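Undergrad: no sequence on hand, only this structure:
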């Protein structure tokens with residue numbers, strides 16, 4: 001088997017759920033085999049010294065490491081008082097949150113500094129949104145089904161996880177259950193809401209770029225009035241690589257858990 005399914009069963013058991021967040025729909029960690037490239041491009045990383053858990057995943061294509069907790073702000077505001085209880089925040093607060101994350105505990109979160117927001121790249125023609133109506137259905141850096149070279153969040157959504165936008169490239173609306181973050185892999189607290197990019201909208205610096213993980217849309221929004229989520233990333237590979245476990249083993253383990261659940265229900269019914 002040439003798939004590198006980097007995780008441990010213990011990590012799956014621990015991170016196979018999502019903590020609830022108020023006023024936001026949070027997805028359960030749900031890896032879908034065969035959807036997207038995650039099985040060969042994501043590698044689990046230990047950051048806290050406990051090799052039974054994965055705190056991050058290294059993306060071999062983008063050469064960045066994604067924090068496993070896709071909305072850490074819900075449980076740690078890093079001293080930024082404007083962060084909402086569900087982890088959402090405005091853009092200046094997100095920048096301060098990242099800055100505080102990098103000095104947390106004196107050495108940075110989990111002893112690591114260098115965390116940042118995902119990057120956005122304005123594609124030619126360099127006019128901000130390279131379409132006039134902000135609702136392009138393909139081949140743009142703004143709208144749906146965007147060019148994934150335009151942003152790390154877009155690449156994760158469309159390529160790594162293989163998710164689909166609300167509208168297809170012909171402008172037809174997809175059916176419920178077929179669009180959005182249907183595959184969340186092992187990331188937890190992934191919210192069906194917009195996430196901030198690091199980059200401001202150069203044509204109007206009162207706005208910054210975002211990617212919406214519910215509709216699969218990339219656009220820009222006001223820095224102070226918009227309350228979006230933050231997914232921390234780090235350049236390169238960090239932490240300790242976990243021992244790869246074949247996908248079939250994980251599926252077998254999941255099957256055993258399902259049978260155990262059925263047995264418990266039968267025993268108590």
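TA: Sure, I can see it. Just so it is clear, the structure is predicted and the values come from calculations on it, not from any experiment.
Undergrad: for residue 121, which non-adjacent residue is closest in space?
TA: The spatially closest residue to residue 121, leaving aside those adjacent along the chain, is residue 150, at 5.4 Å (Cβ to Cβ, 6 or more residues apart in numbering). Every residue, glycine included, has its C-beta placed from N, CA and C.
Undergrad: residues contacting that neighbour?
TA: 120-123, 140-141, 218 (Cβ atoms under 8 Å, 6 or more residues apart in numbering).
Undergrad: restricted to buried residues, select those residues in ChimeraX.
TA: Only the buried entries of the contacts of residue 150 go into this ChimeraX selection, using 16 or more other Cβ atoms under 10 Å:
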select :120,122,123,140,141,218
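Undergrad: just the ones in strands from the contacts of residue 150, please.
TA: residue 218 (DSSP state E).
Undergrad: isn't residue 153 right up against residue 197?
TA: Yes - with contact defined as Cβ atoms under 8 Å, residue 153 reaches residue 197; the gap is 6.5 Å.
Undergrad: between these two, which contacts overlap?
TA: Taking Cβ under 8 Å, 6+ apart as the contact rule, residue 153 and residue 197 both touch 118, 120, 211.
Undergrad: need those in a markdown table with pLDDT, can you?
TA: Below are the shared contacts of residue 153 and residue 197 laid out as a markdown table (pLDDT from 0 to 100):
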| residue | pLDDT |
| --- | --- |
| 118 | 98 |
| 120 | 97 |
| 211 | 98 |
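Undergrad: so where's the stretch 1-150 of the chain uncertain?
TA: 1-25, 27, 132-134 (pLDDT under 70).
Undergrad: which parts of it are helices?
TA: Remark: helices assigned in the stretch 1-150 of the chain by DSSP state H, counting those that start in this stretch are 9-15, 38-41, 91-101.
Undergrad: ok, the most centrally placed residue in the chain to residue 106 distance?
TA: In the chain, the residue lying closest to the centroid (Cα atoms, centre = their mean) is residue 70, at 5.1 Å. Residue 70 sits at a distance of 25 Å from residue 106 (criterion: Cβ to Cβ, to the nearest Å).
Undergrad: how many neighbours does the nearest residue to residue 203 once chain neighbours are set aside have?
TA: Distance criterion Cβ to Cβ, 6+ apart; nearest residue to residue 203, sequence neighbours excluded, is residue 128 at 4.0 Å. Neighbour count of residue 128, defined by other Cβ atoms under 10 Å: 17.
Undergrad: might one say that residue 128 is in contact with residue 220?
TA: Yes - in this structure, residue 128 is within contact of residue 220 by Cβ under 8 Å, at 7.1 Å.
Undergrad: check contacts around residue 78.
TA: 97, 100-101, 104, 109.
Undergrad: same thing but 6 Å
TA: Residue 78 makes contact with 97, 100-101, 104, according to Cβ atoms under 6 Å, 6 or more residues apart in numbering.
Undergrad: cool, and residue 216?
TA: Applying Cβ under 6 Å, 6+ apart to residue 216 gives the contacts 144, 165.
Undergrad: and it, what are its phi and psi?
TA: According to degrees, to the nearest 10, the main-chain angles of residue 216 amount to phi 70, psi 40.
Undergrad: in stretch 95-105, what's buried?
TA: Those would be 95-98, 100-102, 104, for stretch 95-105 by 16+ other Cβ under 10 Å.
Undergrad: my bad, stretch 50-64
TA: Across stretch 50-64, burial judged by 16+ other Cβ under 10 Å covers 53-59, 62, 64.
Undergrad: for the residues you listed, give me JSON lines that also has distance to residue 80.
TA: Converted to JSON lines, these look like this (distance: Cβ to Cβ, whole Å):
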{"residue": "53", "distance to residue 80": "26"}
{"residue": "54", "distance to residue 80": "26"}
{"residue": "55", "distance to residue 80": "21"}
{"residue": "56", "distance to residue 80": "21"}
{"residue": "57", "distance to residue 80": "25"}
{"residue": "58", "distance to residue 80": "27"}
{"residue": "59", "distance to residue 80": "26"}
{"residue": "62", "distance to residue 80": "26"}
{"residue": "64", "distance to residue 80": "23"}
